[in-house]
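Trainee: got a sequence here, can you model it:
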Amino acid sequence: MLLDTNVLYWWLNDPDRLSTDALAAMTSGVNPVIVSAVVPWELAIKTNLNKIDGQELLSIWDAKLAAEGFSEFPIESAHAIRAGLLPLHHRDPFDRMLAAQAQVTGWPIISADRIFDYYGVRRIW
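Mentor: From the prediction side, this is the model:
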């Protein structure tokens, strides 16, 4: 299951914002929880723009993912091509990359953002 950036941030900082279904999916242990490389990229940009306080998380990124039992998923050329060719239902490049990765892999996305529904991926919320 791929995590949307907001879901990862809420998991770490404000888990009460997660839906019951999202929380159950993340803690069930049935499927691995995967964090795309696009997530720290988005967090770094938001940190740099002072939209979030993510410096500490970013400085311990690999250790934090390991401690949470999450795996990282790289961005591959096939993902980039698909993301660039997706219909413009949404202009956010980070969400478009997550949608492309979900399409390529067939994995669901855990996200509160309904925009993913337009891309034909399974969304858990």
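Trainee: for the residue nearest the centre of the chain, what are phi and psi?
Mentor: The centre of the chain sits closest to Asp4, judged by CA atoms, centre = their mean, with a distance of 2.5 Å. Dihedral angles of Asp4 (phi, psi; degrees, to the nearest 10) stand at phi -70, psi 150.
Trainee: excluding chain neighbours, what is closest to it?
Mentor: Once flanking residues are discounted, Asp4 sits nearest to Ser111: 3.5 Å by CB to CB, 6 or more residues apart in numbering. Heads up, the C-betas are built off the backbone N, CA and C, glycines and all.
Trainee: contacting residues for the one you found?
Mentor: Leu3, Asp4, Asn6, Val7, Leu98, Arg123, Ile124, Trp125 (CB atoms under 8 Å, 6 or more residues apart in numbering).
Trainee: try Asp113
Mentor: Counting by CB under 8 Å, 6+ apart, Asp113 makes contact with Asp4, Asn6, Asp95, Arg123.
Trainee: cheers, nothing more for now.
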